[in-house]
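> 3D model of this:
(chains A and B, ligands or ions: 2)
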Amino acid sequence: MGHKIIATGRSRTGIPTGRLAVWWVVGSEIVIFGGLIAAYLLNRFLHGSWEVSAAYTNTFIGGANTFWLLTSSYFVVLAHAAAEKRDAKTARKYIWYTIGLGGLFMGFKSYEYATEISHGFTLFTSNFWSFYYTATGLHGFHVLCGMVIMAIIAEKDIKHEQNWHRVENIGIYWHFVDIVWIFLFPLLYIAK
Amino acid sequence: MADTATATAGVDHHDDHGHHESFWSKYCFSTDHKIIGFQYLFTGMAMGLIGGFFSYVFRMHLAFPGSSIPFFGVVSPAAYNSLVTNHGTIMIFWVAMPVLIAALGNFLIPLMIGCDDMVFPKINRLSYQVFLLSAIVLIASFFVPQGGFGGAWTAYPPLSAESQYNGTPFGAPMWLIAVTLEIVAFLLGGINFITTVMNARAKGMKLYDIPMVVWMIVIASILFMASVGPLVAGAVMLLFDQTLGTGFFDPAAGGDPVMWQHLFWFFGHPEVYVVLLPAMGVVIEIICTFSRKKLFGYKMILYSSIGLGILSFFVWAHHQFISGVDPRATYLFTTTTLLISIPVAIMLFAMIGTLWGGSIRFTTPMLFALSFIAEFLIGGVTGIWLGSSGTDIYLHDTYFVLAHFHYTFVPIAIIGTFSAIYYWFPKMFGRHMNEFWGKIHFWGTVIPFNGIFLPLFVLGAAGQHRRIAGYTAYPDLYTENFQDLRVFATGSLIVLILFQIPFFVNFVVSLVRGRKAEANPWKANTLEWVAPSPPPHGNFGDNLPEVYRGPYEFSVEGREKDYWPQNEPETAK
Ligand code: HEM
Ligand SMILES: [Cu+2]
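Ligands and ions are numbered 1, 2, ... in the order given. Below is the predicted model:
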């Protein structure tokens, strides 16, 4: 008597299970970043001095990084469109473009960290900087994870023309990481 | 061999004959939801022994201060703090959550919705592995230099961040890491539960045909996912405060300790409902089966539990009435807190309404379920005093609070768990537990439980503060009268512990030699009873059940049998 797992292939809602799961991941991540951002806002309102610290963040680099990330979100959309058409070559190309822009983001971020630290603004300088490093660090960690997962999808799945749906799923995650940055950017860089 | 087949291919091929799974692949690295459920169950029970042992040690110390406790020795103040902290942490995160949500959810969800497994079997296995790792980190933290974390399970900074106070350069960060890993494990598990129930229900099972316990576990998982984020963020910050020396919560560095309290309790209060709801679900299933009655107010219970879940996000500051929150805010939080008693009351009344006029069978699981209602009521009613800021300012952090939350947690975690085990044991292992010893265990648990915690209401109202290692330093509170009450509470605990021995013996003996159970020994309607006992890998064989009606069609008029399984076609007599 043979038996195969049927549950994985079922879809009562009509939405593939993988995509549902990614939405739940995003949901629980929203509250994690939400907690961090809420704590930041609380402090920001309580402590006028934080404005002074915020003036030292590098708006130019922050802005450039926003630009890379938004562009990368566009590329991941193109990758998804190609995956829908089962065009492995184009899909892989755009996934790698996305990874590349993620890398650019991380590169700028490292440079930014380095200059800030060399100017004496470290994790311990003040609570503003503690927040700054924690929030952007956690966000950067998410960018890095996304890049690794995308590389695996490109080389393990799309190259062998399987699991096409994973492109869309990682796309949802990537947009989320992007949106978190859209919140962090004005809070940490623009509001002076 | 079979279990390594990739889920990516969507197929997991099994041959029942001619292939042997090794012990490891069958019991340790299985992706079968039932095995994972058992792993959670046994890990949770083992952790319960540790948490219970801790309560024995510090209760003995409170009754006989300064004397050497058998199996432990003399309790130093630092050890006392660490014991209390880890008792609370273990009971909530490593006993109540794994048993009520993970073990029951894993075992019951696919069976009750008529499916062969979870939709992500490998994520499911990963969830248990991360959980096991978290337990190992926590246990290891007791043995590092200076011992385990002693900053209370609420871990209020700045005390929890500074090693000279909690005496733990290693224990505190390890404790935090363990809790964070545990949360990750439950987030992974929750994704599985919710997605499985959304997508993999049996043919014909509409939303209102889902058994209540499944609904409750799903709602609890959503609540957990929606509330735990701020705690994770806070845990990262606290970990930095402890290990790197940042000052997020350190007033001396411009930080804000009350911010931690907000982050913690925004999670902490909903967490009570995260463990409460599955226990309520268990009780509902049992009450319907053993009173042969249709559930009174299915939709009402469902909407109440959703309403309760939503409300639970607006009450957190009732734990902070004396932390300097704005008095105007205390009005708000008192109001929302008292409002929560409405959905809870609706659910309890629905249970009582179900019992009304039923033909009740006092089996062991039913006795536990009934006592859940009675004991939980005491917890709920005393909560009204604590939710009102006026009385809470006096009672805050006394043994009154302690007695109150144990009157909610013990019914949830202990009584709820036992009723579930007695009820589903025949399905889980294909054998019955012994009823006689089950009843002995029941009385031996419920009576001494009241003996432990009723005196603590008195002590708390008299001003005994919790988390104090030695009352000999407070002559007012060390009077004979009070000390007698403490000895009585501790004596009751010893009785309670002794009466757990019949349970464990009964459990093990029944596993091996218990009376064989048929597929549906209780004559219940839900789908898990359609599968053989114990269900094989894949649960229902080649034909998954189809659903024609709700789960509680008992004593339907005009029918010969007093139950009507969900999968029985309309025409069948
Ligand atoms: C039936 C056995 C139990 C006994 C005798 C017991 C006893 C106690 C006592 C005496 C304390 C407070 C000590 C102090 O503050 O000085 C305590 C704390 C606590 N207990 Fe229990 N308990 C039991 C079961 C449970 C269960 C089942 C749960 C939860 C599911 C639980 C959760 C807690 C929590 C959260 C604390 C607070 C810890 C802290 O202050 O950090 N207990 N317990
Ligand atoms: Cu609360």
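
> how about the longest helix anywhere in chain B, does it get close to ligand 1?
Counting residues, the longest helix in chain B under DSSP state H turns out to be helix B:257-291. No. Helix B:257-291 stays clear of ligand 1 (CB under 6 Å from any ligand atom), getting no nearer than 7.0 Å. For glycine as for every other residue, the C-beta is placed from the backbone atoms N, C-alpha and C.

> For chain A, what's its nearest residue on the stretch 301-450 of chain B.
residue B:313 (10.5 Å; CB to the nearest CB).

> circling back: now the longest helix of chain B: mean pLDDT?
Averaging the model's pLDDT scores along helix B:257-291 yields 96.

> contact partners of stretch B:44-54?
B:71, B:83-84, B:86-87, B:90-91, B:94-95, B:98-99, B:102-103, B:135, B:139, B:497, B:500 (CB atoms under 8 Å, 6 or more residues apart in numbering or on different chains).

> Now, of those residues, which are buried?
B:83-84, B:86-87, B:90-91, B:94-95, B:98-99, B:102-103, B:135, B:139, B:497, B:500 (16 or more other CB atoms under 10 Å in any protein chain shown).

> out of these, who's nearest ligand 1?
Distance to ligand 1, by CB to the nearest ligand atom, is smallest for residue B:91 among the buried ones among the contacts of stretch B:44-54, at 3.3 Å.

> Next, count neighbours for the residue lying closest to that closest one once chain neighbours are set aside.
Closest residue to residue B:91 apart from its sequence neighbours, by CB to CB, 6 or more residues apart in numbering or on different chains: residue B:51 at 4.7 Å. By other CB atoms under 10 Å in any protein chain shown, 22 other residues sit near residue B:51.

> and what of residue A:161?
A total of 12 residues lie near residue A:161 under the criterion other CB under 10 Å.

> That one against residue A:89, yeah?
No. Taking CB atoms under 8 Å as the definition, residue A:161 is not a contact partner of residue A:89, at 10.3 Å.

> and whatever residue of chain B ends up closest to ligand 1, how many residues sit next to it?
As assessed by CB to the nearest ligand atom, ligand 1 sits closest to residue B:88 within chain B, at 2.7 Å. Counted by other CB under 10 Å, the residues lying close to residue B:88 total 19.

> for it, helix, strand, or coil?
On the three-state scheme (DSSP: H, G, I helix; E, B strand; the rest coil), residue B:88 is labelled helix.

> how about the nearest residue to it, chain neighbours excluded?
residue B:153 (3.5 Å).

> what's the neighbour count on that neighbour?
Neighbour number of residue B:153 under other CB under 10 Å is 19.

> part of a helix, is it?
No. Assignment of residue B:153 by three-state DSSP gives coil, placing it outside any helix.

> May I have the residues that are in contact with it?
B:85, B:88-89, B:92.

> now do 10 Å
Residues in contact with residue B:153 (CB atoms under 10 Å, 6 or more residues apart in numbering or on different chains) are B:84-93, B:175, B:179, B:264, B:268.

> quick one: contacts for the residue of chain A found nearest ligand 1?
Residue of chain A nearest ligand 1, by CB to the nearest ligand atom: residue A:35 (21.5 Å). Residues in contact with residue A:35 (CB under 10 Å, 6+ apart) are B:227-237, B:262-263, B:266-267.

> Please apply the same query to residue B:33.
For residue B:33, the contacting residues are A:7, B:105-111, B:115-118, B:121, B:124-125, B:192, B:196, B:535, B:537, B:539, by CB under 10 Å, 6+ apart.

> and the gap between it and residue A:18?
18 Å (CB to CB, to the nearest Å).

> which residues touch residue B:287?
Applying CB under 10 Å, 6+ apart to residue B:287 gives the contacts B:293, B:295-296, B:350-352, B:354-355, B:358, B:360, B:365-366, B:369-370, B:372-373, B:419, B:552.

> Could you give the average pLDDT over the strand or helix carrying residue B:427?
Using DSSP states H and E, residue B:427 falls within helix B:416-429. Averaged across helix B:416-429, pLDDT comes to 97.

> immediately after it, which helix or strand?
Per DSSP H and E, the helix or strand that comes after helix B:416-429 is helix B:435-461.

> Give me the packing partners of that following helix, helices and strands only.
Helix B:435-461 sits against helix B:33-63, helix B:364-387, helix B:389-395, helix B:399-409, helix B:416-429, helix B:480-498, helix B:500-513, with contacts defined as 3 or more CB pairs under 10 Å, 6 or more residues apart in numbering or on different chains; DSSP states H and E.
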